[in-house]
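Novice: Build me a model from this:
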Amino acid sequence: MAVNAVIKETKLKLQLDGGLNEKGNPVVKSKTFSKVKTDAVNDNLFSVAESLAGLQEMPLIGIKRVDEIDLQQE
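Specialist: Numbers count the residues shown, from 1 in each chain. Coordinates of the predicted model:
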C-alpha cells in the first residue's frame, strides 16, 4: 500500500522576541502569514520573512514554514 503526501496549505511564521515575562523567562510572539504558494522555494520564503521582519517592532528570532499535508492512499 503506497501513500502519497499532498501539500494542501503553506504558511509562513515569524517568531519574534517579546522580551521577558515577570519570572524572567523569554516570551516568543509570532506572526503567521497564510495563503503562501505551496510550491514556494525555501530560499524565497526566507528572504520574504527577513523583509517582513524589518517591518516588525520586535526582533526576529526564528522563521518557520508550516505545511499542512494530506496523506492519500493510492
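Novice: contacts for the longest strand seen in the chain?
Specialist: Identified as the longest strand of the chain according to DSSP state E is strand 3-20. For strand 3-20, the external contacting residues (C-beta atoms under 8 Å, 6 or more residues apart in numbering) are 26-34, 36-38, 40, 45, 48-49, 52-53, 56, 58-74. No exception for glycine: its C-beta is placed from N, CA and C like everyone else's.
Novice: Mark which of those are part of strands, please.
Specialist: Per DSSP E, those map to strands at 26-34, 36, 60-73.
Novice: Using neighbour counts, give me the buried entries of those residues.
Specialist: For those, a burial check counting by 16 or more other C-beta atoms under 10 Å picks out 31, 36, 60, 63.
Novice: Once you drop chain neighbours, what's closest to the second one?
Specialist: In space, and not counting its chain neighbours, residue 36 is closest to residue 10: 4.3 Å by C-beta to C-beta, 6 or more residues apart in numbering.
Novice: what's around the one you found, how many residues?
Specialist: 19 (other C-beta atoms under 10 Å).
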